[in-house]
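J.: can't give you the sequence, but here's the structure:
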């Protein structure tokens with residue numbers, strides 16, 4: 001059972017994020033899910049669970065904004081630098097970590113994203 005299903009990430013935690021942080025979270029969700037190069041139907045089901053569990057009702061709008069403004073890995077990492085709230089960083093990393101475990105073991109590309117974010121935010 002995942003952290004989402006156990007209720008470890010809550011609507012209250014998502015509520016800690018400002019709009020820009022939610023936009024970045026939407027981009028992180030997309031990056032983690034697409035990191036392995038394929039999108040399976042089980043991952044689409046996982047996304048639906050995430051939206052419902054987090055109450056992330058504006059995910060699509062946030063993702064559209066992310067995709068409009070953030071092009072490529074360099075821009076993604078630069079945008080990560082703008083997320084300065086430790087609480088927001090923890091929520092984003094928590095979601096990224098749980099997403100990477102949806103298929104049991106994170107693949108190297110998913111782990112790479114999480115490691116880069118941890119390095120930018122000076123998280124162990």
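T.: Received the coordinates, thanks. Predicted, not measured: the structure shown is a model, and the values here were computed from it.
J.: Quick check: pLDDT value at residue 120.
T.: Looking at residue 120, its pLDDT is 97.
J.: Quickly note the distance from it to residue 100.
T.: In this view, residue 120 and residue 100 are 17 Å apart by CB to CB, to the nearest Å. For glycine as for every other residue, the C-beta is placed from the backbone atoms N, C-alpha and C.
J.: With residue 109 instead?
T.: Between residue 109 and residue 100 the computed distance is 9 Å (CB to CB).
J.: Neighbour count for these two, which is higher?
T.: Between residue 109 and residue 100, residue 100 has the larger neighbour count (other CB atoms under 10 Å), namely 20 against 14.
J.: how about the more buried one, what does it touch?
T.: Contacts for residue 100 (CB atoms under 8 Å, 6 or more residues apart in numbering) come out as 32, 106, 107, 110, 111, 114.
J.: which among the residues you listed end up buried?
T.: In the contacts of residue 100, burial by neighbour count holds for 32, 106, 110, 111, 114, counting by 16 or more other CB atoms under 10 Å.
J.: By mean pLDDT, point me to the weakest helix or strand of this structure.
T.: Lowest by mean pLDDT, DSSP states H and E among the helices and strands of the chain is helix 3-6, with a mean of 38.
J.: Any regions of this protein where pLDDT drops low?
T.: With pLDDT under 70 as the threshold, the chain has low-confidence stretches at 1-12, 38-40, 42-44, 46, 103.
J.: Now do the helices in it.
T.: Taking DSSP state H as the test, the helices found in the chain are 3-6, 11-15, 19-34, 41-54, 59-69, 72-81, 86-100, 108-120.
J.: Is it correct that residue 54 is in contact with residue 16?
T.: No - if you go by CB atoms under 8 Å, residue 54 and residue 16 don't touch, sitting 11.4 Å apart.
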